[in-house]
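Engineer: Here you go, sequence then predicted model.
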Amino acid sequence: MLEAETSVVAGVSGGADSVCLLLLLSELGRDIGFSLTAVHVEHGLRGEESRRDAAFVKELCRDLGVGLELFHVDVPRYRDEEGLSTEEAARELRFDCFLRACEAHGADRIALAHHANDCAETMLFHLSRGTGIRGMCGIRPVSERGDITVIRPLLRLTRAEIEDWLKARGQTYCTDSTNADVAYARNRIRERVVPELEQINAQAVPHMQRLSGQFTEICDYLDETAWEVGRNVFSLEDEGDTTGNSLTGNPAVLIRIAPFLELHPVLQRHLLLMLIGLSSGGRKDITSAHVEQVLHLMTADVGAQASLPGQIRAERTYETVVLNGENPDEQPSEEKELMIPGETVLDNGLHFSTEIIEFTDFSQKIPKKSYTKWFDYDKINFAVWLRNRRPGDYLQTDADGGHKKLKKFFIDEKVPSSERDRVCLLADGDHIMWAVGYRISEAYKVTSDTKRILCVTVCGQDT
C-alpha cells in the first residue's frame, strides 16, 4: 500500500478511525519515506459540531506536523440538485475533495480509514437489499479509481481495537452525533444488528471480514474466467454516429445468443455484469436484478427490451442481445413485417409489392431495375422485416460466403453517415437481404437451384 518517495492523501474526519489512521501514517511516513497530506471535509450538515470537528483536526495536524487541506461543501444543495440521498451526496463531494487534493499535491494514493466493522456492515447492507456474490465482497483493501490507488490500511482492525489503541495512547477524538441516528440504514445495522451478532459470536466481525476477502478472490477469478471464455460471445460496435453508443461515448455491445447460452450460468452472469458496465461506462447502480433482466432477454421474443442504469437499453434481436445508449428524444424507427404476397406501406411513403413466382427456367431474364429485386424465397430463414439499421447487421458480398458489416458496406458505397439511418432495409434477422437503392445480399440471389422467387418492387419517395 505504501512506498518510499510517494505522496499520500488521507481522509481525516476527526472520528476514532481516521485519527488512528492519521497517527499511524504520520509515523510510517517518517519510517518509510512518503509524504502525507490530511484532508478534512466540512459537509455543511451539523452546524457548530461540524466546525468543532474541523478545528480539532486542524490542531491535531499542527501537533503532528502534517499538512492539511480543509474543504467546505454544501451537501444539502448538491443532494437536491442531483436527486441523491444525503449519504450519496456527501460521499461524492468528499471524494471529489480527495481528488482535488491529490492533484494539488501530486499524490497517487488516497488513504481511507475503513475498518472491519465497516466491511461487515457493508456486507449486511448489501445482503438485506438483495445481492449476488459481488456484494458480499464488502470493501476491498486496495482499489483503483483511474490513476489513483485507494488504500484502506485499517481494514483488518475492528472498531473496538482502534478505540482501545487510541485510549492506550491517551488520544482523544470526535464523535459524530448523527452516527446514532438509526433512521439511516447503515447506522441501524451498526447499532442494532452487529451487536446482536456479536452476542452469538464475539468474533462475528473478523469472521465476516475474512469471508469478504474470500468472496473477493472468487469474484476476481470468475471475472477473469468469464472474460476469457466470453471473447467469442460478444463484439463491440463503436461507430461514432447513431449506431454507436453516442450518449455514453461507449461502444454498443452485441452479445451472440447461441454461444452465450452455452456458457455456465455463473459465467453468464459475471460476463453480463462486465458488459453492462462496459456499455454504460461503469458499474454504478448496476445490480443483480439488471443482470437478470438482460439474461431474460436471451430467451425472450424478438424486439423485447429492458432499460438499464446509465441510459442503456438492452434489446433482443434475432441472433443477438444489443446493449446500446438510449436517446429519450429519438423517435423509434418504423418497423413492419413485409407482407408476402401482398402490399406493405410505410409511414414514410414507401410502398412495397411482393409476389411469389415459381421458377423453372434459369435463362429467364432477371430484372435489372434498381427498385425491383428477385430473391430465392426458400433461403429466407425468418419473417422479412422492413426497418432501419441496427448494430450487428451484415450482408453477404460474394458467392463463397464472405460477408461485410453494414457499416463497412455503407462506407465503401460512400453513403453519408447522416443518410445511413434513413436507408430502408429488408432484413432476415441480422442478415440484410437488400439495402433499398443499393445491392442485395449474395446469399439470396437466384441460382439454377432456385424453386421459388420472391419478387419485391418498391415505389414512393424518389424511386
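Structural biologist: Looks like it arrived, so ask away. Given the structure is predicted, the values throughout are model-derived calculations rather than measurements. Numbers count the residues shown, from 1 in each chain.

Engineer: Pass me the low-pLDDT residue ranges in the stretch 201-350 of the chain, would you?
Structural biologist: 238-250, 326-333 (pLDDT under 70).

Engineer: Stretch 202-217: which residues count as buried?
Structural biologist: Going by neighbour count (16 or more other C-beta atoms under 10 Å), the buried part of stretch 202-217 is 204-206, 208-209, 211-213, 215-216. Every residue, glycine included, has its C-beta placed from N, CA and C.

Engineer: So what's the gap between it and the chain middle?
Structural biologist: 27 Å (C-alpha atoms, centre = their mean, to the nearest Å).

Engineer: Equivalent analysis for stretch 450-463, please.
Structural biologist: With C-alpha atoms, centre = their mean, you get 43 Å for stretch 450-463.

Engineer: what's the answer for stretch 11-29, then?
Structural biologist: Worked out by C-alpha atoms, centre = their mean, stretch 11-29 lies 34 Å from the chain centre.

Engineer: And for stretch 385-400?
Structural biologist: 28 Å.

Engineer: Could I get the full set of helices for the chain?
Structural biologist: 16-28, 47-64, 75-82, 86-105, 116-129, 159-169, 185-188, 194-200, 204-229, 257-261, 265-280, 288-297, 406-412, 417-420 (DSSP state H).

Engineer: okay, the ones you listed in TSV with distance to residue 377 next?
Structural biologist: Shown next, in TSV, are the helices of the chain (distance: least, C-beta to C-beta, whole Å):
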stretch	distance to residue 377
helix 16-28	73
helix 47-64	76
helix 75-82	56
helix 86-105	58
helix 116-129	54
helix 159-169	74
helix 185-188	62
helix 194-200	69
helix 204-229	39
helix 257-261	25
helix 265-280	37
helix 288-297	30
helix 406-412	22
helix 417-420	28
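
Engineer: quick one, which of these is nearest to residue 4?
Structural biologist: Nearest of the helices of the chain to residue 4, taken as C-beta to C-beta: helix 16-28 at 10.7 Å.

Engineer: what sits up against the closest one?
Structural biologist: 2, 8, 10-12, 34, 36, 38, 60-61, 64-66, 111-115, 118, 153-154, 157, 159, 162-163, 165-166, 169, 171, 173 (C-beta atoms under 8 Å, 6 or more residues apart in numbering).

Engineer: can you rerun that using 7 Å?
Structural biologist: With contact meaning C-beta atoms under 7 Å, 6 or more residues apart in numbering, helix 16-28 is reached by 2, 8, 10-12, 36, 38, 60, 64, 66, 111, 113, 115, 153-154, 162-163, 165-166, 171, 173.

Engineer: quick one: average pLDDT of it?
Structural biologist: What helix 16-28 shows for mean pLDDT is 95.

Engineer: could I get that helix in CSV with only the CA atoms?
Structural biologist: Extracted as CSV, the C-alpha positions of helix 16-28 are listed here (Å, rounded to 0.1, in the frame of the first residue of the first chain):
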residue,chain,number,x,y,z
ALA,A,16,-11.7,7.5,16.1
ASP,A,17,-10.9,5.5,12.9
SER,A,18,-9.5,8.5,10.9
VAL,A,19,-7.5,9.8,13.9
CYS,A,20,-5.9,6.3,14.2
LEU,A,21,-5.1,6.3,10.5
LEU,A,22,-3.5,9.8,10.7
LEU,A,23,-1.3,8.8,13.7
LEU,A,24,-0.2,5.6,12.0
LEU,A,25,0.6,7.2,8.7
SER,A,26,2.5,10.1,10.3
GLU,A,27,4.8,7.6,12.0
LEU,A,28,5.1,5.3,8.9
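
Engineer: Give me the buried stretch members for it, please.
Structural biologist: Buried, per 16+ other C-beta under 10 Å, within helix 16-28: 16-26, 28.

Engineer: before we move on, back to that, kindly give a single ChimeraX line that selects the buried subset of the contacts of helix 16-28.
Structural biologist: In ChimeraX syntax, the buried subset of the contacts of helix 16-28 is picked out as below (16+ other C-beta under 10 Å):
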select :2,8,10,11,12,36,38,60,64,66,111,113,115,153,154,162,166,173
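
Engineer: Go through the contacts of helix 16-28 and flag which are in strands.
Structural biologist: Among the contacts of helix 16-28, the ones falling in strands (DSSP state E) are 8, 10-11, 36, 38, 111.

Engineer: among the residues you listed, which two are most distant?
Structural biologist: Longest distance between any two of those is 11.9 Å, between 11 and 36; criterion C-beta to C-beta.

Engineer: Can you tell me how far residue 120 is from residue 28?
Structural biologist: 26 Å (C-beta to C-beta, to the nearest Å).

Engineer: Actually, residue 358.
Structural biologist: Distance, residue 358 to residue 28, by C-beta to C-beta: 87 Å.

Engineer: got it, and residue 412?
Structural biologist: Taking C-beta to C-beta, one finds residue 412 at 62 Å from residue 28.

Engineer: Equivalent analysis for residue 458, please.
Structural biologist: Plainly put, residue 458 is 75 Å away from residue 28 if you go by C-beta to C-beta.

Engineer: quick one: terminal-to-terminal distance for stretch 4-17?
Structural biologist: 24 Å (C-alpha to C-alpha, to the nearest Å).

Engineer: wait, doesn't residue 315 sit right on residue 335?
Structural biologist: No - between residue 315 and residue 335 no contact is recorded; they are 11.7 Å apart, counting by C-beta atoms under 7 Å.

Engineer: In terms of packing, which of those two has more residues around it?
Structural biologist: Using other C-beta atoms under 10 Å, the more surrounded residue of residue 315 and residue 335 is residue 315, with 18 against 14.

Engineer: Might you report the residue contacts of the more buried one?
Structural biologist: Per C-beta under 7 Å, 6+ apart, neighbours of residue 315: 305, 321-322.

Engineer: out of those residues, which are buried?
Structural biologist: Applying 16+ other C-beta under 10 Å to those, the neighbour count classes 321-322 as buried.

Engineer: now, which of the contacts of residue 315 lie within strands?
Structural biologist: Using DSSP E, 305, 321-322 are the members of the contacts of residue 315 that sit in strands.

Engineer: Format the residues you listed as JSON lines; extra columns: distance to residue 339.
Structural biologist: What follows is the ones in strands among the contacts of residue 315, written out as JSON lines (distance: C-beta to C-beta, whole Å):
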{"residue": "305", "distance to residue 339": "25"}
{"residue": "321", "distance to residue 339": "28"}
{"residue": "322", "distance to residue 339": "26"}
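
Engineer: Sweet, I'm off.
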